[in-house]
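# Based on what follows, work out the 3D shape:
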Amino acid sequence: MERRGNRLTAHHYGLLWLGGIATVLFVAPLAASGCSDDSEPWTPAEGGSGAGSSTSSGTGASSSTSTSGSGGNTTGGETNPTCDPGTSAGDVQAPEFVMNLSGQTSWFASPVMRDLDGDGNRELIAAYYSVFVFDSDGNLLDEADGGDGRVYAPHVVADIDNDGVVEIVYGNGEEVYSYGWVNGALQLESGWPVDTTTAGDSPEVRGMSAADLDGDGQIEIVVTTTQTSSTESGGAQVFVYSPDGSLYQPSGISWPAWPRYNNLTGPGGDADVNGYGHHGFGCYGLNVGVGNIDDDPELEILATYDNHHIQAFNHDGVAINSSDWFTNRSNDHSGERLTWGQFIRWTDPQVEEDHYHNHSGEWPHPSWTEWLQWTASPPNVVDMDGDGDNEVLGVPNIEMFEPYETQAYGIMVLEGAHGDGSRSAMRLPGWETLPRGLSPMTDDDWYPPSGVPAAATIDLQGDELPEVVISLNDGRMTAFDATGGELWHFDYTFGHALMYASEPIIADLNQDGSAEVLFSTFGDPDTTDSGHLVILAANGALLYDVPLPNPGHNGNGNGAPAAPAVADWDGDGDLEVFVQTFEHGLDVFTIPGSAENCLLWPTARGGPLRMGQPNEDPHLQ
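Below you'll find the predicted structure:
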């Protein structure tokens, strides 16, 4: 056991059998929180370590692919405008340090900026083990300390019940809290907290998204947990809550919609779906997204699991069938349909065709072919091919051998359940072969935690199709085009043997209409120089490498695991960048000459609803 103040936490293990194969899962414990002091001025590096040329993200400029620097970086693609420009004064200017805000140990809860009370001034909402609200002078206005654990997943900031009061919703341990901002202070909302304990086992909330699922003006909260108790015994991983804290229950159905999976039979039950039933196991890293992947007006929920499954749910909790091209091969249920989450995905499309369509050949096994694991795989909803229908993008780790070894992280794009559903869960044409990273960096003691492979999916190149910008835990930030081709990659290791990157954020930093890519780095707790703020042009060229000032020590890691956030905090027209660290609180920078003309992916998971696509509070005035 390890102690954080008076909060004891323990290591947890789970064991899952899949066709006679045992999976041992380790869940990292909570550990000591950090704190910080005010920092001294410093000078950022421009076009720094291991990079190619430091070029402006200039309108209409293009760059052919080239390799330079010790990191083997490449640039490529275009830097055409992707949104309306402002009044540009030229190149992106160097970040200037503004202040440091004391905090606790950060995990993956990226900050959010919001005018909470409508007075024209924005507040900063930062989540660690507690949730802190700061004014634009850096003064702490209030703190929510509900819960005995950490805030792992990015928190939601929105007026979820459309009553004019902005709520801050977060997961802490097994509980979910909702605080409203009332009279300049945080007030626990009636009906909250709620507890995700099932089957007598208290998990940790590791994923959160929010959206108005049914179009009634109320925003539902979706969470995923690390629950490992069996579905048969009542263990459930996916919960949906209404704004009053009750489980979301759409009208007109006879079954309890949530949580999932349940152990019920019949309509709305999971125990006998397609004969085989559903079986869930642990969602460990931001494993939820929300969006429309069929032709009805309601939104769907995507969840990824640590038993090799990705599932798509309707808002009423019923799982969506995959294409009838996929059928069950087992003797007991031969020929039965399969929902998205009733079968393991394999890297090789031929293996899937032989096994799930032709029912022929040797049964696949990771001893001879790669399978996909979705332990920490945030799903995105995005129209990759521009046909008006959304796809689902996920980033599983690709495993092989016994015991399982992650070979790389790959990107899988699956079609939604549009039309007659005949393409549901099929690989999008052109994405049959998964783009993949290099062999991932590994650590033998779980500190720091591995990076969560969360993608930003936006039009970065000005081609009216989305690009995918992501770190595949291989020491690189990489951009792929809408067909899966690599545009560029940037080596962010800065000479370290172990380094991870945050989810990237995307914003125009010099008002030329071409967006830049920003991310932070983190590494071994025994180092003090792993934390960087990195800014790249749309073509992957390094603009600035900013070592974080005055780093400290923390047993969980060094640097900044949460995605940065970007917004105009103080109302002066320039953007601030917020970088939240393991060991020295939160650093605030400003970018002279920037503006809010183009914030494409301003915080983790695309916005304050954390949907896995660009999003904002629909009630924002």
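# What residues does the nearest residue to residue 618 once chain neighbours are set aside make contact with?
For residue 618, ignoring the flanking residues on the chain, the nearest one in space by CB to CB, 6 or more residues apart in numbering is residue 212 at 6.4 Å. C-betas here are computed from N, CA, C, even on glycine. Residue 212 makes contact with 218, 219, 220, 299, 618, according to CB atoms under 8 Å, 6 or more residues apart in numbering.
# per-residue pLDDT, residue 620?
Residue 620 carries a pLDDT score of 87 in this model.
# One more: residue 37?
Note for residue 37: predicted pLDDT of 34.
# ok, now residue 25?
On the pLDDT scale, residue 25 is placed at 30.
# One more: residue 367?
98.
# And for residue 566?
pLDDT, residue 566: 99.
# Isn't it up against residue 578?
Yes - counting by CB atoms under 8 Å, residue 578 is a contact partner of residue 566 at 7.4 Å.
# now residue 100: how far from residue 358?
Distance of residue 100 to residue 358, given as CB to CB, to the nearest Å: 60 Å.
# quick one: which of these two has more around it?
Neighbours around residue 100 and residue 358, counted as other CB atoms under 10 Å, are more numerous at residue 100. The numbers are 22 against 12.
# now that one, which residues is it bridged with?
residue 587 (DSSP bridges).
# So for stretch 193-207, what gets flagged as buried?
193-194, 196-199, 201-207 (16 or more other CB atoms under 10 Å).
# Next, check those against the helices and list the overlap.
The helices, defined by DSSP state H, take in nothing from the buried residues of stretch 193-207.
# Which parts of the stretch 501-621 of the chain are helices?
In the stretch 501-621 of the chain, no segments count as helices under DSSP state H, counting those that start in this stretch.
# circling back: possible to save the contacts of residue 212 as TSV with neighbour count, secondary structure and distance to residue 377?
As requested, those are exported to TSV (neighbours: other CB atoms under 10 Å; DSSP: H, G, I helix; E, B strand; the rest coil; distance: CB to CB, whole Å):
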residue	neighbour count	secondary structure	distance to residue 377
218	16	coil	28
219	23	coil	24
220	23	strand	22
299	22	coil	20
618	13	coil	27
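# Which single one of these is nearest to residue 171?
residue 220 (14.7 Å; CB to CB).
# Tell me where the model's unsure across the stretch 1-150 of the chain.
1-71 (pLDDT under 70).
# all strands for it, in order.
Along the stretch 1-150 of the chain, the stretches classed as strands by DSSP state E, counting those that start in this stretch are 2-4, 7-9, 12-18, 21-27, 45-46, 62-68, 73-78, 96-101, 112-114, 123-127, 131-134, 140-144.
# likewise the stretch 351-500 of the chain?
Along the stretch 351-500 of the chain, counting by DSSP E, counting those that start in this stretch, strands occupy 371-373, 380-382, 391-394, 397-400, 405-409, 412-415, 456-458, 467-471, 476-480, 486-491, 499-501.
# Next, format those as JSON lines and append mean neighbour count and mean pLDDT.
Converted to JSON lines, the strands of the stretch 351-500 of the chain look like this (neighbours: other CB atoms under 10 Å; pLDDT from 0 to 100):
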{"stretch": "strand 371-373", "mean neighbour count": "23", "mean pLDDT": "99"}
{"stretch": "strand 380-382", "mean neighbour count": "25", "mean pLDDT": "99"}
{"stretch": "strand 391-394", "mean neighbour count": "26", "mean pLDDT": "99"}
{"stretch": "strand 397-400", "mean neighbour count": "21", "mean pLDDT": "98"}
{"stretch": "strand 405-409", "mean neighbour count": "20", "mean pLDDT": "98"}
{"stretch": "strand 412-415", "mean neighbour count": "24", "mean pLDDT": "99"}
{"stretch": "strand 456-458", "mean neighbour count": "25", "mean pLDDT": "99"}
{"stretch": "strand 467-471", "mean neighbour count": "27", "mean pLDDT": "99"}
{"stretch": "strand 476-480", "mean neighbour count": "23", "mean pLDDT": "98"}
{"stretch": "strand 486-491", "mean neighbour count": "24", "mean pLDDT": "98"}
{"stretch": "strand 499-501", "mean neighbour count": "27", "mean pLDDT": "98"}
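# which one of those lies closest to residue 561?
Among the strands of the stretch 351-500 of the chain, the nearest to residue 561 by CB to CB is strand 499-501 (7.3 Å).
# So which elements touch that closest one?
Counting contacts by 3 or more CB pairs under 8 Å, 6 or more residues apart in numbering; DSSP states H and E, strand 499-501 packs against strand 516-523.
# mind listing what the strand it packs on pairs with, with the direction of each?
Take DSSP bridges as the rule and strand 516-523 pairs in its sheet with strand 499-501 (antiparallel), strand 505-507 (antiparallel), strand 532-536 (antiparallel), strand 558-559 (antiparallel).
# Show only the entries of the buried residues of stretch 193-207 found in strands.
194, 205, 206, 207 (DSSP state E).
# Throw these into a markdown table and include pLDDT and distance to residue 107, thanks.
Rendered in a markdown table, the data for those read as follows (pLDDT from 0 to 100; distance: CB to CB, whole Å):
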| residue | pLDDT | distance to residue 107 |
| --- | --- | --- |
| 194 | 99 | 21 |
| 205 | 99 | 11 |
| 206 | 99 | 9 |
| 207 | 99 | 12 |
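# Going by distance to residue 273, which of those residues wins?
Of those, the one sitting nearest to residue 273 (CB to CB) turns out to be residue 207, at 22.5 Å.
# and the closest one, what is it in contact with?
153, 223, 224, 225, 283, 285, 286, 287, 288, 303, 378.
# I'd like the list of those residues that fall within strands, please.
223, 224, 225, 288, 303.
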